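A.B. asks: sharing a sequence plus its predicted fold:
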Amino acid sequence: MALASRTHEFKDAWDFIELAFEKNWTDGLPVCPPTPERVEAMLDHAGRKPDEVVGLVPPQNGEATIEKLAIQCVMAGCKPSYFPVVLAALDAMLDERFNLYGVETTTHANEPLTVVSGPIVKELGFNYADAVFGQGRPNATIGRAIRLILWNLGGSYPNLNAKAPLSHPGRYTFCVAENIEENPWPPFHKDFGLTSESGVVVIGVESPHGMLTLGDAQSTLYTWADTICRMGGNNIQYANGGQGLLVIGPKVAQKVAAAGWTKSDIRNFLFDNARRRLGDLKRGFYNFDPSVGNPGWPKWVDQKNDETRVPVVADPSDLHLAVAGGTAAHWFTAWCPGWGLMGGMAVARPVPLPKKSA
């Protein structure tokens, strides 16, 4: 297999790691040497041509060939069997609905999160239980590969293109898998109309905000509603009309599902109840102009009436629900707020099951 990338010779892996820091091929964490043999194994598993162009990666529009993407996966520590997941996630991020350029250059602290669901979660050995936002080789290295793609091909460097003053640790790696054994509802990617057994969903979100829900299903829903419409969120204050993601602990999901709630029921409840009084929101707005109002709000919102209850998003379908995490506790959920109406909208893609156990 003919590779086009330039090759180097090193005494050992440490020499490569030091050169990677020196050449700015990594963002602060060490990376693995992308030897030709390992890159070729990645390409062989995907069954794609090395020079095939997947797209241009913003903000600097670096050309993403299959070979260059395979190199980033090896550097991140991915197995070849992880490569199709990375390709599916990147394809979703390059969808114009996601607005990857905006996500990577905004001052808001949202980062691309990849959510994996379906049988591939167990096939590849994802951690879908305890500390699901933390450890697990597929979780960590797939999220890491995506970040290296955005770094090396997209040029998403802080103090140049990446303008978020704070951001969050998901900027190193941000990939989570659904708990397919304990999920009482259909897999997350099926919510987007996909018919494939496995899939990925990407969405631009802040870091997870934990919620404690000790009560029954009804009280859990009220706690979710109160938490997701917090004053400081982009969704309700500045640019309503965006999206957000609830990552529900399995035992909490089972409690709510056992009480008869479907995902659609939950979305409708949250849309009706996750609202703030306009008069209160005005006190938090830095530049609210009642003659203009907020263009992202639904048209029925009376922007001249302080008693109007403003919803956190413009439509129930903008609230996404996934089930992940361990079963040791029965009361934890995470809310991942979105950027607002400007971008980071959820986009789904199918993922084929691995062709071989590499």
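C.D. replies: Cool, got the structure. Residues are numbered from 1 along each chain as shown.
A.B. asks: and the longest helix for this protein?
C.D. replies: Of all segments of type helix in the chain, defined using DSSP state H, the longest is helix 137-152.
A.B. asks: immediately after it, which helix or strand?
C.D. replies: Beyond helix 137-152 on the C-terminal side, the first helix or strand identified by DSSP states H and E is strand 175-177.
A.B. asks: now the next helix or strand after that following strand, how far from the centre of its chain.
C.D. replies: Under the assignment DSSP H and E, the closest C-terminal helix or strand after strand 175-177 is strand 199-205. With CA atoms, centre = their mean, to the nearest Å as the basis, the distance from the averaged C-alpha position of strand 199-205 to the chain average is 4 Å.
A.B. asks: give me the contacts around strand 199-205.
C.D. replies: Identification of contacts with strand 199-205 by CB atoms under 8 Å, 6 or more residues apart in numbering yields 85, 88-89, 92-93, 98-99, 103, 110-118, 187-190, 192, 243-245, 320, 322, 336-339, 343-351. Where you see a C-beta, it was placed from the backbone N, CA and C, and this is true even at glycine.
A.B. asks: so what's the residue count around D130?
C.D. replies: Counted with other CB atoms under 10 Å, the burial measure for D130 works out to 13 neighbours.
A.B. asks: ok, now P58?
C.D. replies: Tallying neighbours of P58 according to other CB under 10 Å, which is how burial is gauged here, yields 22.
A.B. asks: could you measure from it over to L100?
C.D. replies: 5 Å (CB to CB, to the nearest Å).
A.B. asks: got it, and D216?
C.D. replies: 41 Å.
A.B. asks: between those two, which has more neighbouring residues?
C.D. replies: Comparing D216 with L100 by neighbour count (other CB under 10 Å), the higher total belongs to L100, at 27 against 11.
A.B. asks: residues contacting that one?
C.D. replies: 57-58, 93-94, 112, 154, 343.
A.B. asks: now, these that are in strands?
C.D. replies: Those of the contacts of L100 mapping onto strands are 57, 112, per DSSP state E.
A.B. asks: which one (most neighbours) among the contacts of L100?
C.D. replies: Neighbour counts for the contacts of L100, by other CB under 10 Å, peak at M93, which reaches 28 neighbours.
A.B. asks: just the helices in the stretch 201-350 of the chain please.
C.D. replies: In the stretch 201-350 of the chain, the helices defined using DSSP state H, counting those that start in this stretch lie at 217-228, 234-237, 250-258, 263-273, 278-284.
A.B. asks: out of the ones you listed, which is closest to P316?
C.D. replies: Go through these one by one with CB to CB and the one that ends up closest to P316 is helix 263-273, at 3.9 Å.
A.B. asks: among the helices of the stretch 201-350 of the chain, which comes closest to L148?
C.D. replies: Put simply, out of the helices of the stretch 201-350 of the chain the one that sits nearest L148 is helix 234-237, at 26.9 Å, with distance taken as CB to CB.
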